[in-house]
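Engineer: Okay, here's the prediction I keep looking at, along with the sequence it came from:
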Amino acid sequence: MRVPLIAGNWKMNNTIEESLDLANNLVEFSKKFDKNREILICAPFTALHALKKVLNGSKIKLGAQNMHFEESGAYTGEISAVMLKDIGVDCVIIGHSERRQYFNESDELLNKKIKTALKFNLKPILCVGETLEQREANAEKETVRSQIINGLHDINIEYLKNIVIAYEPVWAIGTGKTATSKQANEIISYIRSVIKELYGVNVSENIIIQYGGSVKGSNASEIMAESDIDGALVGGASLKADEFIKIINY
Ligand code: PEP
């Protein structure tokens with residue numbers, strides 16, 4: 001059975017104090033929360049160490065939003081998987097559309113990052129999704145197909161249980177435009193079929209595939225009701241404890 005994963009992506013927001021405040025609210029909520037759901041917060045690097053102490057012993061997992069593919073070395077300004085493990089981070093977002101768009105991250109680079117994350121037992125959340133132009137050209141399926149095939153290139157089947165995929169149509173991120181639940185489910189089912197082609201039915205039926213793009217308290221239930229959607233990657237709405245709690249508790 002696939003357990004839904006509700007993940008917050010705080011992006012470049014929150015000081016350490018603000019991060020701890022938000023996390024404390026979520027930890028309090030999670031003490032009484034008994035639905036079968038995984039909860040994750042992906043915070044800026046600067047807050048991870050302090051957050052780990054607050055989240056320790058709670059149901060909430062800790063994630064980073066990016067990492068370098070090398071283990072160490074002369075890469076000024078970068079953070080490695082080893083450093084994230086040292087803090088006790090559980091997951092890492094790889095290939096968020098903002099990384100692809102503003103930092104020119106290619107599928108080839110993301111593939112290296114995923115391999116390194118897996119090597120250090122960090123669960124990568126591989127983000128895929130089409131731009132508005134690609135959707136208007138009816139190219140959404142071929143876009144996510146090549147992102148999946150290239151992103152997972154040469155990754156052995158044994159690692160697939162440690163990988164999460166997030167389908168995030170770029171036109172729905174931070175725009176207030178949500179894909180309809182049917183649109184999201186259609187592409188997520190398609191992604192599952194690509195995983196089936198690559199790794200077989202057992203893997204495709206068990207892999208967690210989230211939807212992301214303007215998820216909020218008011219639309220979470222409808223999105224999560226879809227058969228192939230296993231949770232949400234939430235940006236803006238994860239910055240307010242009340243709103244994120246509504247999503248977790250859909
Ligand atoms: C995201 O950052 O992954 C995201 C989906 O953002 P938002 O929920 O704000 O659209």
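Structural biologist: Thanks, I have the structure now. Every value quoted in this text rests on a predicted model; they were computed, and no experiment measured them.

Engineer: What is the burial count for residue 98?
Structural biologist: Other residues near residue 98 come to 21 when the count uses other Cβ atoms under 10 Å. For every residue, glycine as well, the C-beta is placed using N, CA and C.

Engineer: Would you mark the buried spots in the helix or strand containing it?
Structural biologist: Element membership of residue 98, judged by DSSP states H and E, is helix 97-102. Across helix 97-102, burial judged by 16 or more other Cβ atoms under 10 Å covers 97, 98, 99, 100.

Engineer: measure the third one to residue 88 for me?
Structural biologist: Read that as residue 99. Residue 99 is 23 Å from residue 88, where distance means Cβ to Cβ, to the nearest Å.

Engineer: before we move on, what about the first one?
Structural biologist: Separation of residue 97 from residue 88 (Cβ to Cβ): 27 Å.

Engineer: by contact count, what packs against the lengthiest helix in the chain?
Structural biologist: The helix that spans the most residues within the chain, counting by DSSP state H, is helix 181-199. Applying 3 or more Cβ pairs under 8 Å, 6 or more residues apart in numbering; DSSP states H and E, one finds that helix 181-199 contacts helix 140-151, strand 164-167, helix 201-206, strand 208-212, helix 217-224.

Engineer: Can you say which of these is packed in most?
Structural biologist: Mean neighbour count, computed with mean count of other Cβ atoms under 10 Å, is highest for strand 164-167 among these, reaching a mean of 27.

Engineer: do it and the ligand meet?
Structural biologist: No. Strand 164-167 stays clear of the ligand (Cβ under 6 Å from any ligand atom), getting no nearer than 7.1 Å.

Engineer: so what strands line up beside that strand?
Structural biologist: Under the criterion DSSP bridges, strand 164-167 sits next to strand 123-128 (parallel), strand 208-212 (parallel) in its sheet.

Engineer: On the C-terminal side of the longest one, identify the next helix or strand.
Structural biologist: On the C-terminal side of strand 123-128, the nearest following helix or strand under DSSP H and E is helix 132-136.

Engineer: For the protein, name the helix or strand with the lowest mean pLDDT.
Structural biologist: Within the chain, no helix or strand scores below helix 132-136, which has a mean of 94 by mean pLDDT, DSSP states H and E.

Engineer: how about JSON lines for the helices and strands packed on helix 181-199, with distance to residue 41 and mean pLDDT added?
Structural biologist: Below are the helices and strands packed on helix 181-199 laid out as JSON lines (distance: least, Cβ to Cβ, whole Å; pLDDT from 0 to 100):
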{"stretch": "helix 140-151", "distance to residue 41": "23", "mean pLDDT": "98"}
{"stretch": "strand 164-167", "distance to residue 41": "14", "mean pLDDT": "98"}
{"stretch": "helix 201-206", "distance to residue 41": "24", "mean pLDDT": "98"}
{"stretch": "strand 208-212", "distance to residue 41": "14", "mean pLDDT": "98"}
{"stretch": "helix 217-224", "distance to residue 41": "16", "mean pLDDT": "97"}
